[in-house]
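Student: Structure here, sequence nowhere to be found:
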């Protein structure tokens, strides 16, 4: 697991908006196949910008986003903060969208849509319209749509931020076991310390704007996660540790000058638990 | 369930009661004050005139409705097509939109004589006038709809490599549908107004005369009850057009759009 091949590598990626605002500053990060990487940072630290760079929705002002293996069609899954469903389409048609846009044959897409629906537990709601679903169920549709292309990497931008806690816990558990079952590579952006530790096999803490990697640590815990982990000492320890690292990152440029993130993708603040593997 | 039935009943009953009360008051004033019919006919007399003059009024109603319908269809199709063209490039939109606005803000009463002067075939002249009034709401609403797709969905389509055509067909067009239908609702009534105004200006008689001409004619000959009867038919036609378009909108949007959802009990 620790020796997994990187799926994508950011090298010194920066993003400066036309207004002059620097959202990301020479950020270097590798995402390894099969890992669940949570990206934790304060609001406005460029997390969303980072996902957009990876998704190809924006170009880095400087630096690069490299994929391996290079070339070929990249299969991405993207889950936004909002469910972002087409209100005029039924659940199954919303999930089929990426396949339809790629002109996949109806017979093949029917099978894959059915599989994705089963994975997120939406059987029986295929013919429903988004407005007939609760917030949590809409998010499940959004996740199923992202899974239907069998993505190399699943990008998630604070997908559960708008949900109530009970629904969020349930979705976190389901996502964790889904990632385990399908060996997904996930890059999950959040501003919740608890969520980052609960879901992530690896947590990367970003500094406030302009975003840089301030800390990078592994989380030991069962895979997939279960409710027992939520109350375990290991979980609470990790939360404490990540909170401390986040607080340190929030202190500003001092932390950054102590750990200059050069151009070659090293992580600036190796954590005490680095290298322990992910259990 | 019960409250839904009550709500439906109120929706019909409340305005019907207001209408009946107004009509009763009107009839009462006419009778008690002894107002002669050539000044103000009572509603009962107007209703009787509608039936008595049906042979004259109904063909005229059909003429007006034919022009209204044709103008509305052209406005709907052309408004939609122009909106699609406008939203293909900001250059096109910037170049042409101001002229669409100018056409809209110039009063139809002022343009109608010119149109009637230039276009010899009167029904076509009337159609052009009605179309001029009716097409702008479709155009501006549809332009708005085509440019207000959910930004995240736009990104999603880009992410999955949607072609320009796919993004148009599967995202921008359905997003614009509620706006387009809203434009149609306004347009339907305006097409009728445009047709009637143009008929007034043209003042044509003979077999091809619409309801506006019947009103003019009745005015000249002091047949005021017939004037009211024609007026009533125009209003009734307008209400019918609005009801039909509202029904169409409900049919197309009821499954998904906020505007057509039944309020939660």
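Tutor: Received it, and whenever you're ready, just let me know what you need. For clarity, every value in this text was computed on a predicted model and none was experimentally measured.
Student: From residue A:225, how far out is the residue sitting nearest the centre point of chain B?
Tutor: Nearest residue to the geometric centre of chain B (C-alpha atoms, centre = their mean): residue B:189, 1.6 Å. The gap separating residue B:189 from residue A:225 is 60 Å, by C-beta to C-beta, to the nearest Å. Backbone N, C-alpha and C define where each C-beta goes, glycine included.
Student: again with residue A:125
Tutor: As judged by C-beta to C-beta, residue A:125 and residue A:225 stand 25 Å apart.
Student: Which of those two has more residues huddled nearby?
Tutor: residue A:225 (24 against 18; other C-beta atoms under 10 Å in any protein chain shown).
Student: Quick check: closest non-adjacent residue to that one.
Tutor: In this structure, residue A:225 finds its nearest non-sequential neighbour in residue A:176, 4.2 Å apart by C-beta to C-beta, 6 or more residues apart in numbering or on different chains.
Student: any idea how far the one you found lies from chain B?
Tutor: 24 Å (C-beta to the nearest C-beta, to the nearest Å).
Student: secondary structure class for that residue?
Tutor: Assigned state for residue A:176: helix (three-state reduction, DSSP: H, G, I helix; E, B strand; the rest coil).
Student: Surely it touches residue A:227?
Tutor: No: when contacts are counted by C-beta atoms under 8 Å, residue A:176 is not listed as touching residue A:227 (10.8 Å).
Student: The two: which has the busier surroundings?
Tutor: Neighbour count, other C-beta under 10 Å: between residue A:176 and residue A:227, residue A:176 has more, with 23 against 10.
Student: What residues sit buried inside the strand or helix carrying residue A:238?
Tutor: Following DSSP states H and E, one finds residue A:238 within helix A:233-250. For helix A:233-250, a neighbour-count test (16 or more other C-beta atoms under 10 Å in any protein chain shown) marks A:235, A:238, A:239, A:241, A:242, A:245, A:246, A:248, A:249 as buried.
Student: ok, so of these, who is nearest chain B?
Tutor: Of all the buried residues of helix A:233-250, the one sitting nearest chain B is residue A:246; the distance, using C-beta to the nearest C-beta, is 27.3 Å.
Student: thought that closest one was touching residue A:206?
Tutor: No: using C-beta under 8 Å, residue A:246 makes no contact with residue A:206, being 9.1 Å away.
Student: List the residues that are in contact with both of those two.
Tutor: Jointly contacting residue A:246 and residue A:206 under the rule C-beta atoms under 8 Å, 6 or more residues apart in numbering or on different chains are A:40, A:41, A:42, A:214.
Student: got those as TSV, with secondary structure columns?
Tutor: Converted to TSV, the shared contacts of residue A:246 and residue A:206 look like this (three-state DSSP):
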residue	secondary structure
A:40	strand
A:41	coil
A:42	coil
A:214	strand
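Student: which of these lies closest to residue B:85?
Tutor: Set against residue B:85, the nearest of the shared contacts of residue A:246 and residue A:206 by C-beta to C-beta is residue A:41 (44.4 Å).
Student: As a check, name the ranges of all strands in the stretch 1-150 of chain B.
Tutor: Counting by DSSP state E, counting those that start in this stretch, no segments of the stretch 1-150 of chain B form strands.
Student: Chain A now?
Tutor: A:6-16, A:22-32, A:36-40, A:62-67, A:76-79, A:153-157, A:186-190, A:202-206, A:213-218 (DSSP state E).
Student: okay, the angle between the second one and strand A:202-206?
Tutor: The one in question is strand A:22-32. Going by axes from the mean of the first three to the mean of the last three C-alpha atoms, to 10 degrees, strand A:22-32 is angled at 170 degrees with respect to strand A:202-206.
Student: What residues of strand A:22-32 count as buried?
Tutor: The neighbour-count criterion (16+ other C-beta under 10 Å) identifies A:23, A:24, A:25, A:26, A:27, A:28, A:29, A:30, A:31, A:32 as the buried residues of strand A:22-32.
Student: so what's the first one up against?
Tutor: In this case it means residue A:23. A:15, A:16, A:17, A:46, A:49, A:209, A:210, A:211.
Student: Filter those residues down to the buried ones.
Tutor: Buried among these (16+ other C-beta under 10 Å): A:15, A:46, A:49, A:209, A:210, A:211.
Student: Most widely separated two among those residues?
Tutor: A:15 and A:209 (10.6 Å).
Student: what residues are shared contacts of those two?
Tutor: Shared contacts of residue A:15 and residue A:209 (C-beta under 8 Å, 6+ apart): A:22, A:23, A:46.
Student: Who is the nearest residue to the last one once chain neighbours are set aside paired with across the strands?
Tutor: Meaning residue A:46. Spatial nearest neighbour of residue A:46, excluding adjacent residues (C-beta to C-beta, 6+ apart): residue A:211 at 3.4 Å. With DSSP bridges applied, residue A:211 shows beta-bridge pairing to residue A:24.
Student: Just the pLDDT at residue A:211, thanks.
Tutor: Residue A:211 carries a pLDDT value of 80.
Student: shouldn't it be in contact with residue A:42?
Tutor: No: contact between residue A:211 and residue A:42 fails when scored by C-beta under 8 Å: they sit 9.3 Å apart.
Student: Next one: the residue nearest to the centre of chain B from residue B:126, what distance?
Tutor: If you go by C-beta to C-beta, the gap between residue B:189 and residue B:126 works out to 17 Å.
Student: coming back round to it: and the buried residues of helix A:233-250 near chain B, which?
Tutor: Taking C-beta under 8 Å from any C-beta of the partner chain as the test, chain B is in contact with none of those.
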